[in-house]
Every structure is written in structure tokens, then in C-alpha cells.
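Trainee: 3D model of this:
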Amino acid sequence: MILPIQAKVLDAPARNARLAMYTGIFNVLWVIVTVLMIVRPGSTTGA
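Mentor: As a prediction, this is how the structure comes out:
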């Protein structure tokens, strides 16, 4: 089920590119956060 605001956004082709760009940036930021949580820069425990 698509909400009315979502339907409006999906109807405009220019907005689709912007939405895709923001979604991609958001996903890249989450990947960076996840990697930093695993690597833990500055950690001296080695774990």
C-alpha cells in the first residue's frame, strides 16, 4: 500500500533521481558505521 505522499514522489521522474541519490548516500553511511563498529579504530585489545 502506497501512502499519498509516496505516490506523489514516485510520480515525478526528477524526484526519483534525487530520492535514489539520497537513498544511496544513506546506505553508504550505514556501511561506514557498520565497518567502524567492527574494526573499532584505536582499539588496543586486538579483538
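Trainee: Please count neighbours and contacts with C-alpha atoms only from this point.
Mentor: Fine.
Trainee: measure residue 4 to residue 17 for me?
Mentor: To residue 17, residue 4 is 19 Å away according to C-alpha to C-alpha, to the nearest Å.
Trainee: before we move on, what about residue 36?
Mentor: Residue 36 is 29 Å from residue 17, by C-alpha to C-alpha.
Trainee: mean confidence score for stretch 26-35?
Mentor: Mean pLDDT, stretch 26-35: 95.
Trainee: to the chain's geometric centre, what's the distance from that stretch?
Mentor: Put simply, stretch 26-35 sits 7 Å off its chain's centre (C-alpha atoms, centre = their mean, to the nearest Å).
Trainee: Assign residue 31 to helix, strand or coil.
Mentor: Following DSSP: H, G, I helix; E, B strand; the rest coil, the label given to residue 31 is helix.
Trainee: residues in contact with the helix or strand of the chain with the lowest mean pLDDT?
Mentor: Taking mean pLDDT, DSSP states H and E as the measure, the helix or strand of the chain with the lowest value is helix 4-11, at a mean of 75. With C-alpha atoms under 8 Å, 6 or more residues apart in numbering as the test, helix 4-11 has contacts from 15-16.
Trainee: What are the buried residues along that helix?
Mentor: Of all the residues in helix 4-11, not one is buried under the rule 16 or more other C-alpha atoms under 10 Å.
Trainee: Residue nearest the middle of this protein, spatially speaking?
Mentor: Among the residues of the chain, the one closest to the centroid is residue 26, at 2.0 Å (C-alpha atoms, centre = their mean).
Trainee: and that residue, what helix or strand is that in?
Mentor: helix 13-39 (DSSP states H and E).
Trainee: That helix packs against which elements?
Mentor: helix 4-11 (3 or more C-alpha pairs under 8 Å, 6 or more residues apart in numbering; DSSP states H and E).
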